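Asks: Here is a sequence with its predicted model. Questions after.
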Amino acid sequence: MSKGLEDIQNTPADVPLDINRVGIKSLKLPLEVLDKQKGLQHTVAEVDLSVDLPKEFKGTHMSRFLEALASWEKKLSYESLKKLLLDLQHKLHAKQAHVSFVFPYFLEQKSPASGQVFEMDFLAKVEGNMKGKELSFVLKVDVPVMTVCPCSLAISDKGAHSQRTFVSITAQIKKFLWLEDLIEIALKSGSSPVYPLLKREDEKKVTENAFSNPTFVEDVVRNVARELNDLDNILWYRVEVESYESIHNHSAYAIIESFDSTKLNKS
C-alpha cells in the first residue's frame, strides 16, 4: 500500500517561534518595466519573495511562490506589484507578503558636445510589502556622477582631484513615480554626469563643466534632498552618497533621510 503525501509543512513547529519572513531569494526572471520614453523596457531581474510564518506551521510551501510568479503578468507597475503580493498572501495564507526586484535599467545618454547617443545602465530596485491590505511601495536607484573637490580646486595651482561618486536614492512613494525622474535628479547633483560614449570634444566639455561646478559629497547629498523635498508623491526618502576619493585610500560619505508623517497619513 503506497504511503500518502503527508503535508509536513502544516504540522506545528518544533520550536514554537514566529518567523518574520520565509521564502525564496535570488531568482532570475525576465521582466518588463515601464519606460517613460518608450513605454516598456525588457530587462532581467533578481527576485526575492517572502511571507510571514506563524509558529503553528513547521514550514512554508516554497512551490507556491513560483506558482504566484507563473500566473503573474511579469510587467512591473504599482498595480501589478499589488496584485502579486495579494496573490502571495492568498496562496500562502499569510498576513504579510514581501517582494523585491533588482534589475539594470537602461537610459539613452547623449554626449554633451558630439551629441552621440548610447545606452547607460543604472541599478534599480523595486520593493513591495503588503501588511494586511496596506501596501508599502519603495523605489531605489544607484547613479554614478563625477565630482571635483572644491577645496582641492581652491588651493591648487594646476587643477584638483576628481572622482566617480555614487548616488543612491531610496524612496517610498504613494502611487507612481518614474525611475527616470529619480535618475535625472541624481545625474544633476554632482559636478557632472558621467557618459558611456565620449569623443575628444565631449571629454573637453565634461571636464570644463565639472571644474566649473566643484562639489563636496555634502553638496551632492543636499542637492538631491532639495529636489526630493519638492515631490509630493514621496512619503519618505534616504539619500546616500559615496565618493571614491582619488587621492585617499578611503571614501567620503554622506546621508540625508527624511520622513514626513503628514504625507504618510494622507496616503
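Replies: Cool, got the structure.
Asks: Okay, now the unreliable bits of this structure?
Replies: 1-8, 10-13, 59, 259-267 (pLDDT under 70).
Asks: Strands along that one, start to end?
Replies: For the chain, the strands defined by DSSP state E occupy 19-35, 39-53, 75-76, 96-110, 117-131, 134-148, 162-173, 192-193, 234-244, 251-259.
Asks: ok, now how distant is the closest residue to Ser192 other than its chain neighbours from Thr147?
Replies: Computed as Cβ to Cβ, 6 or more residues apart in numbering, the closest residue to Ser192 that is not its neighbour in sequence is Ala210, at 3.9 Å. Placement of C-beta: from N, CA and C, glycine included. Distance, Ala210 to Thr147, by Cβ to Cβ, to the nearest Å: 8 Å.
Asks: Overlap of the contact sets of these two?
Replies: Ser162, Ser191 (Cβ atoms under 8 Å, 6 or more residues apart in numbering).
Asks: quick one: which of these two has more around it?
Replies: Shown here are Ala210 and Thr147; by other Cβ atoms under 10 Å, Thr147 has more neighbours (29 against 21).
Asks: show me what contacts that one?
Replies: So Thr147 contacts 162-165, 190-191, 210, 214-217, 220, 243 (Cβ under 8 Å, 6+ apart).
Asks: I'd guessed Ser102 sits against Ala124; true?
Replies: Ser isn't right for residue 102; it's Val. Yes - using Cβ atoms under 8 Å, Val102 is in contact with Ala124, at 7.3 Å.
Asks: And those two? Which one has more around it.
Replies: Taking other Cβ under 10 Å, Val102 and Ala124 do not tie; Ala124 has more neighbours (23 against 15).
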